[in-house]
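K.L.:
Requesting a structural model of the entry that follows:
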Amino acid sequence: MLLAGQGYEQMTLERVADEAGLYRRYISRTWGSKAELVRDALFEDVADFRVPDRGNLVDDLRDLVRQHVELILRPEFLRGLPALQEAFRVDRGLWTSTVERHVRPPVAAFASVLESAQRRGEIVGHLEAEVVLNTMTGALQQLANLNLMSPEQLVEHGIQLVVEAMVEWDEPA
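P.N.:
Have a look, this model is predicted:
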């Protein structure tokens, strides 16, 4: 992908069209801006996040966090996200549509995992799923950008963030 190889700044809709063998006009009609195209390319797999149900919070989190780590370790994600975050700050409409299309599915998956753990009596409370997801994902993205941990270490760190800081465990009697 052009984004992974050359970065956001050098990527143009014309170059994307050329690489894909499409007309520039088709690209422009489908995506109103380079930021929209990059957003959809980076987050296309988010809608496919699977909600695990292994019967306990830690195993469910491991599956869910692994899906996040696989997403954020893709080269195009690491190269494109910083510029896309700047586009979100400038264009609130882009951010709003991104939340609807690409943020809600993983938030719903996290909410489902936390609610299942609560129903099973593993935890008695938790922060809002969106807060849990944003906190964990932000930390993992930073660590991934710095290349400080292996993928498995990132997964375990993400789990640790949640279970040690963002959920309230049921105290055994």
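K.L.:
which element is the closest residue to residue 7 other than its chain neighbours on?
P.N.:
Leaving aside its chain neighbours, residue 7 sits nearest to residue 79 (5.2 Å; criterion: C-beta to C-beta, 6 or more residues apart in numbering). All C-beta spots, glycine's among them, are computed from the backbone N, C-alpha and C. Per DSSP states H and E, residue 79 falls inside helix 75-90.
K.L.:
tell me which residues of the next helix or strand after that helix are tucked away?
P.N.:
Per DSSP H and E, helix 75-90 leads on to helix 92-98 as the next helix or strand towards the C-terminus. Buried residues in helix 92-98, counted by 16 or more other C-beta atoms under 10 Å: 94-95, 98.
K.L.:
repeat for stretch 19-38
P.N.:
Quick answer for stretch 19-38 (16+ other C-beta under 10 Å): 27, 31, 34-38.
K.L.:
Sort those residues by pLDDT and name the bottom one.
P.N.:
Ranked by pLDDT, the buried residues of stretch 19-38 bottom out at residue 27 (85).
K.L.:
so what does the helix ranked longest in the chain touch, helix or strand wise?
P.N.:
Identified as the longest helix of the chain according to DSSP state H is helix 129-146. Packing partners of helix 129-146 (3 or more C-beta pairs under 8 Å, 6 or more residues apart in numbering; DSSP states H and E): helix 57-72, helix 75-90, helix 104-119, helix 151-165.
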